[in-house]
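Enquirer: Build me a structure from this.
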Amino acid sequence: MHILYFSRAYTTHDRRFLQAVASRHETSFLMLEPDSGYDDRPLPDGVRLVEWPQSRGALTRDSPRALMPDFVRVLDRVRPDLVHAGPVQSCGYMTALSGARPFLVMSWGSDVLVDADRDSDSLQITRDTLGQSDMLLCDCDAVRQKVQSLVPYPDERIVQFPWGIDLREFRPGQDVLDLRDKLGWQDAHIALATRSWEEIYGHDVLLEAFQWAHARNPRLRLVLLGDGSLSTIILQFIRDRGLDEVIHRPGRVSYDQIPKYMRAADIYVSAAQTDGTSVSLVEAMATGLPVLVSDVPSNREWVDSPSSGWTRPHQCEAFGGAWLEAASLSDTDREGIRVRNRNIAVARANWKENVTCLLDAYDQLALTIPSHGLAGPTRPWSSARKPGDRIWP
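Expert: Reported below is the predicted structural model:
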């Protein structure tokens, strides 16, 4: 079977999916934003990169519809047996408009939990895309339930599993980075944050909570990986509050360095406003770290406070208070959390086992949905239509 995997960019998650798909099927990869990848590793063996027919500018809200003629040319050239596309409102929407089938739409969590509710057009586009898809891939109950509140999507057409991790890479072990010695943090309690510096990940609450907690326990330190569109604001906050010496900012690091940072830390923290199954959360649990995360439904599917860590409201003092609790854990309590979190990850987050659900779903779709390229001679994205119009009755 020939799969066209259509995604917004080339991230670590995309690479993981592409590698799995290519292990069983002929695989082509199309990026909506070719210049915005986040993983600098080569494509996995067996994956063919598909080029757009012509160069174009930066992505805008209107890009999915404006790019439809080029997308149809890609479909005509590639002729896939199945299209796997997401996020919902961009790559998924374009696939729905094209009429290509079988069509598996992949939710990235925030596209359904946040983006669907941005305005009436976004909501209708989400409903249209879901309604035209043959199967949905999601990673948690929160996304499934939100989808089923928007459209009558039957359970038998939903593939749900945590995206999972490489349990060999993310495991408890020795600190080989020697951060404490290099930074003069020998007696510190080190927290690690790995999320991108974007609004959805709640760095305003995270940093305010750290400042609040650090004023009460000067041993606290924070390693803030990554970068993003909020870099100027975040760096200004750190400078203005005099936190330069207690917040280490290595920037964006290669993926193979992340487990090393986790083994150098005492706790993982994330104040994301919303989440599907957070891969970085699961990676931290597999490494044996206690976790402090936002109290949202998807995180509660993994974190049982306080046996695994803490879920707290998206508020400075609530988050900071749990941070202080974490710093006061006894060695016995920390060891108990280490064992429990590792066991949870091993039982539920084994990527090699979980991804077989997706590969089996491809086979099911191939057997039940006739494969065809386009909707017909009347293009459903024509100028007579506008965002929010139904594509088909």
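
Enquirer: Apart from its chain neighbours, what residue comes closest to the residue most central in space within the chain?
Expert: What sits nearest the mean C-alpha location of the chain, by C-alpha atoms, centre = their mean, is W108, with 5.8 Å. Once flanking residues are discounted, W108 sits nearest to P87: 4.7 Å by C-beta to C-beta, 6 or more residues apart in numbering. Glycine gets a C-beta too; all of them are placed from N, C-alpha and C.

Enquirer: what's the neighbour count on the one you found?
Expert: P87: 22 surrounding residues under other C-beta atoms under 10 Å.

Enquirer: Surely it touches V114?
Expert: No - look at P87 against V114 with C-beta atoms under 8 Å: they stay out of range, at 10.7 Å.

Enquirer: Break down the stretch 51-200 of the chain into its helices, ranges please.
Expert: Here the stretch 51-200 of the chain has its helices, by DSSP state H, counting those that start in this stretch, at 63-66, 68-78, 93-98, 110-113, 120-132, 141-150, 179-183.

Enquirer: E325: which of the ones you listed is closest?
Expert: helix 179-183 (21.6 Å; C-beta to C-beta).

Enquirer: buried residues in that closest one?
Expert: Buried residues in helix 179-183, counting neighbours by 16 or more other C-beta atoms under 10 Å, are found at L179, L183.

Enquirer: Pull the distance from that helix to the chain's centre.
Expert: For helix 179-183, the separation from the chain centroid amounts to 30 Å (computed by C-alpha atoms, centre = their mean, to the nearest Å).

Enquirer: Check stretch 299-315 too.
Expert: Put simply, stretch 299-315 sits 19 Å off its chain's centre (C-alpha atoms, centre = their mean).

Enquirer: List the buried residues in it.
Expert: Neighbour count says stretch 299-315 has N299, E301, W302, V303, S305, S308, G309, W310, T311, R312, H314 buried, by 16+ other C-beta under 10 Å.

Enquirer: still on that earlier bit, distance of the residue nearest to the centre of the chain from R312?
Expert: Look at W108 and R312: by C-beta to C-beta, to the nearest Å, they are 24 Å apart.

Enquirer: same thing with Q89?
Expert: To R312, Q89 is 30 Å away according to C-beta to C-beta.

Enquirer: Widest-spaced pair of the buried residues of stretch 299-315?
Expert: Pairwise distances across those peak at 18.9 Å for S308 and H314 (criterion: C-beta to C-beta).

Enquirer: Is L324 in contact with R216, as I believe?
Expert: Yes - L324 lies in contact with R216 (C-beta under 8 Å); the separation is 6.1 Å.

Enquirer: more crowded one of these two?
Expert: The neighbour comparison of L324 against R216 (other C-beta under 10 Å) goes to L324, with 16 against 12.

Enquirer: if we can go back for a sec, need the pLDDT of the residue nearest to the centre of the chain.
Expert: Per-residue pLDDT puts W108 at 94.

Enquirer: Just the local confidence number for P380, please.
Expert: So P380 comes in at 46 (pLDDT).

Enquirer: for I369, same thing?
Expert: 86.

Enquirer: excluding its backbone neighbours, what's nearest it?
Expert: Distances taken as C-beta to C-beta, 6+ apart place P102 nearest to I369, at 4.0 Å, with adjacent residues excluded.

Enquirer: Now for the one you found: which residues touch it?
Expert: D81, L82, V83, D134, M135, L365, A366, I369, S371 (C-beta atoms under 8 Å, 6 or more residues apart in numbering).

Enquirer: ok, now which ones touch the fourth one?
Expert: If I follow you right, that is D134. Taking C-beta under 8 Å, 6+ apart as the criterion, D134 is in contact with R101, P102, F103, L104, R157, L365, I369.

Enquirer: if we can go back for a sec, select, out of the helices of the stretch 51-200 of the chain, the one closest to M262.
Expert: For M262, the closest of the helices of the stretch 51-200 of the chain is helix 179-183, at 11.5 Å, according to C-beta to C-beta.
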